[in-house]
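Asks: Give the three-dimensional model of this entry:
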Amino acid sequence: QVQLVESGGGLVQAGGSLRLSCAASGNIFSINTMGWYRQAPGKQRELVAVITNGVGTNYADSVKGRSTISRDNAKNTVYLQMNSLKPEDTAVYYCYADVLSIGSVRSYDYWGQGTQVTVSS
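Replies: Numbering: from 1, shown residues only. Down below sits the predicted model:
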C-alpha cells in the first residue's frame, strides 16, 4: 500500500505565497508522474501542475507563471510553490502520484487526503 501525505496549506492574503508538500511512502519501487489537482466548492477537480520522473512539467493556464512544481526523488516528495495567490485559487489541493510498487507489473494512481488553501481578498 502507498500513502500520500500533504502539508503546507492554509489561509493567506491575496498576493501572498504558499508552498505545498506531498510525501509518498509505503510499497514504492518507482514513481512516474506526480502532481497537484484542486477542487473548489461546486466545481470539478482540475489539474494544477504535474511533473514526470524526468522533470518534465505541465501547468494549468490559470497558474502558469505563478507556480512552480518540483520533486525530490530521493524523498519521494513533490512540491508546489504558489506565488501571487488570488482568491480564485481557493480550493482543496490534492496530491497525486503514479506509483509502481515492488512486485507489481503495473503502476497505480494514488491520491492524498487533500489540503485546504484559502486566499482572502
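
Asks: What's the local residue count around Ala40?
Replies: Look at Ala40: counted by other Cβ atoms under 10 Å, it has 14 neighbours. Glycine gets a C-beta too; all of them are placed from N, C-alpha and C.

Asks: got a list of what it touches?
Replies: Residues in contact with Ala40, defined by Cβ atoms under 8 Å, 6 or more residues apart in numbering, are 88, 90-92.

Asks: Quick one: buried ones out of the residues you listed?
Replies: Buried subset of the contacts of Ala40 (neighbour count, 16 or more other Cβ atoms under 10 Å): 90-92.

Asks: what separates the residue positioned nearest the centre of the chain from Gly26, distance-wise?
Replies: The residue lying closest to the centre of the chain (Cα atoms, centre = their mean) is Trp36, at 2.6 Å. Distance, Trp36 to Gly26, by Cβ to Cβ, to the nearest Å: 20 Å.

Asks: again with Tyr96
Replies: 15 Å.

Asks: With neighbour numbers in mind, choose between these two.
Replies: More neighbours surround Tyr96 than the other of Tyr96 and Gly26, with 21 against 13 (other Cβ under 10 Å).

Asks: got a list of what the most far-flung residue of the chain relative to its centre touches?
Replies: Residue farthest from the centre of the chain, counting by Cα atoms, centre = their mean, is Gly103 at 26.1 Å. Residues near Gly103 by Cβ under 8 Å, 6+ apart: Asn27.

Asks: any chance you could map the strands in this protein?
Replies: Applying DSSP state E to the chain gives strands spanning 2-7, 10-13, 18-26, 30-39, 46-51, 57-59, 67-72, 77-82, 91-100, 107-111, 115-120.

Asks: For those, give me CSV that also has mean pLDDT.
Replies: Below are those laid out as CSV (pLDDT from 0 to 100):
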stretch, mean pLDDT
strand 2-7, 96
strand 10-13, 97
strand 18-26, 98
strand 30-39, 97
strand 46-51, 98
strand 57-59, 97
strand 67-72, 96
strand 77-82, 98
strand 91-100, 97
strand 107-111, 97
strand 115-120, 98
